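Novice: what's the 3D shape of this:
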Amino acid sequence: MSCIATISGIFATVWLASGSDDRTLLIGTEDTFPPYILRDGAGTLSGFDYDVMSEICTRTRHDCQWEIAPFGELIPGVAEGRFDVVLGGMAITPERRAVVDMSMPYTFGNSLEWFVGFADAPPPENARIAVESGTMHETWLRQQKLDFQSYGSEPLVLGAVARGEADLALGPFSSREDLDAMIAGQGLTYVYSQEIPDEGTGIAVCKGNALKAEIDSAIQAMKTDGTLDKMHDHWF
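Specialist: I've put the predicted structure just below:
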């Protein structure tokens, strides 16, 4: 089912009275992007984005139902009506805004990204580059017309470089302490930096979905009353 085809049904759900039984939001996210989203051995989700979205659900009187999916499936999933909402350290970019509606930003990250590889790796313009599917890094590589191959997760991206399938990996690795051991253990290092700006971190919904207004209102209220700052200070 396409995003457009679901809009009328989504509007009907959003506009139901608060006493309705149908107030559940199906939220898609990746579960391996700390501190935004992470999952422990028991399968319990946590993280900054988990707390933010849970608070939004409380303030908008929705029930959160979470579903895990590879990052590359999130934007297509919400655009096609599989999810009501997707998030997970998701940068707001013009390319994403062209296919889905993005909330107002609720935090901002570092625009300095890194290529990871062996110390003698060739520069990006002469390299085979591995990148996670669906990320803004993949979009940037495509725009720059560089040679790249997409993979389903960051460990697969780094593994491709370690195995010699790629010369470099591009991603938000410098902010990922959970990947430090994998990078160092495979003899990889940070070899080239690149500024890749975005418009902050946001939440995606189907184009035309009235949920965007509800989510924006909740985010603004969380900024005003200090809730967002407390969550940010806890996780970062």
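
Novice: do you know how far the spatially most central residue of the chain is from G134?
Specialist: A centroid search over the chain (C-alpha atoms, centre = their mean) returns M90, at 3.0 Å, as the residue closest to the centre. M90 sits 9 Å away from G134, going by C-beta to C-beta, to the nearest Å. No exception for glycine: its C-beta is placed from N, CA and C like everyone else's.

Novice: And the residue nearest to the centre of the chain, how far from V100?
Specialist: Distance from M90 to V100, by C-beta to C-beta: 10 Å.

Novice: Can you name the residues that contact W66?
Specialist: Listed by C-beta atoms under 8 Å, 6 or more residues apart in numbering, the contact set of W66 reads 27, 29, 45, 50.

Novice: mind running it again at 6 Å?
Specialist: W66 makes contact with 27, 45, according to C-beta atoms under 6 Å, 6 or more residues apart in numbering.

Novice: Specify the beta-bridge partners of it.
Specialist: I27 (DSSP bridges).

Novice: Do you know the pLDDT at it?
Specialist: In this prediction, W66 carries a pLDDT score of 97.

Novice: Where does pLDDT dip in this protein?
Specialist: 1-21 (pLDDT under 70).

Novice: Can you show me the strands along it?
Specialist: Assigned by DSSP state E, the chain shows strands spanning 24-29, 32-33, 37-39, 45-46, 63-68, 85-86, 101-102, 112-117, 129-132, 148-151, 168-171, 189-195, 204-205.

Novice: Just the CA atoms of the first one, as PDB, please.
Specialist: So the one you mean is strand 24-29. Taking Å, rounded to 0.1, in the frame of the first residue of the first chain, the C-alpha atoms of strand 24-29 are listed here in PDB:
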ATOM      1  CA  THR A  24      -1.600   3.000  18.400                       C
ATOM      2  CA  LEU A  25       1.300   4.200  16.400                       C
ATOM      3  CA  LEU A  26       3.500   1.600  14.700                       C
ATOM      4  CA  ILE A  27       7.000   3.000  15.000                       C
ATOM      5  CA  GLY A  28       9.900   1.700  12.900                       C
ATOM      6  CA  THR A  29      13.500   2.000  14.000                       C
END
